[in-house]
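> next input, structure requested:
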Amino acid sequence: MAKTKLTLYVDRETSELAKKIAAYRGKSVSELVSGYFTSEAYKINNLKISDSVSKWIGIIETSKTYKELKEEILTDKIEKYENIP
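The predicted model follows:
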């Protein structure tokens, strides 16, 4: 996907906080901001995303659709409970 420049003005404290959070997560500030807006777009469009999937929005990069991710999580849970003695 082609990228474009976005200029964002925040106070120095917020800028430093953003850099620390990005470093902690091993991401760039740009990736954090992009993830935030992606997450908000899902909320605005009223997509029903489970908590277990929504916590990963903007954190992982994948080519899988929401439906594929949800199915994968459910499959993992089923397999986990099938293996309980």
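> from here on, just use CA atoms for contacts and neighbour counts.
OK.
> if you rank every helix and strand of the protein by mean pLDDT, what lands last?
Within the chain, no helix or strand scores below helix 51-54, which has a mean of 70 by mean pLDDT, DSSP states H and E.
> for A18, what are its contacts?
A18 sits next to V29 when contact means Cα atoms under 8 Å, 6 or more residues apart in numbering.
> that one and T7, how far apart?
Computed as Cα to Cα, to the nearest Å, the A18 to T7 distance reads 15 Å.
> K20 too?
Taken as Cα to Cα, the span from K20 to T7 is 19 Å.
> quick one, which of those two is more surrounded?
K20 (14 against 5; other Cα atoms under 10 Å).
> in whatever helix or strand the more buried one lives in, which residues are buried?
Secondary structure assigned from DSSP states H and E places K20 in helix 12-25. Neighbour counts using 16 or more other Cα atoms under 10 Å place A18, K19, A22 of helix 12-25 among the buried residues.
> just stretch 63-76 next, same as before
The neighbour-count check on stretch 63-76 (16+ other Cα under 10 Å) flags Y66, K70 as buried.
> quick one: mean pLDDT over that stretch.
Average pLDDT, stretch 63-76: 82.
> one more: stretch 13-30?
On average, stretch 13-30 scores 91.
> what does stretch 34-41 give?
What stretch 34-41 shows for mean pLDDT is 83.
> helix or strand: which one has I78?
Counting by DSSP H and E, I78 is found in helix 66-82.
> hey, C-alpha coordinates of that helix in PDB?
The C-alpha trace of helix 66-82 is given here as PDB (Å, rounded to 0.1, in the frame of the first residue of the first chain):
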ATOM      1  CA  TYR A  66     -11.300 -10.600  10.300                       C
ATOM      2  CA  LYS A  67     -13.400 -13.700   9.600                       C
ATOM      3  CA  GLU A  68     -10.300 -15.900   9.100                       C
ATOM      4  CA  LEU A  69      -8.700 -14.600  12.400                       C
ATOM      5  CA  LYS A  70     -11.900 -15.200  14.300                       C
ATOM      6  CA  GLU A  71     -12.200 -18.700  13.000                       C
ATOM      7  CA  GLU A  72      -8.600 -19.400  13.800                       C
ATOM      8  CA  ILE A  73      -9.100 -18.200  17.400                       C
ATOM      9  CA  LEU A  74     -12.300 -20.300  17.800                       C
ATOM     10  CA  THR A  75     -10.600 -23.400  16.400                       C
ATOM     11  CA  ASP A  76      -7.700 -22.900  18.800                       C
ATOM     12  CA  LYS A  77     -10.100 -22.600  21.700                       C
ATOM     13  CA  ILE A  78     -12.000 -25.800  20.700                       C
ATOM     14  CA  GLU A  79      -8.800 -27.800  20.300                       C
ATOM     15  CA  LYS A  80      -7.700 -26.600  23.700                       C
ATOM     16  CA  TYR A  81     -10.900 -27.800  25.400                       C
ATOM     17  CA  GLU A  82     -10.900 -31.100  23.500                       C
END
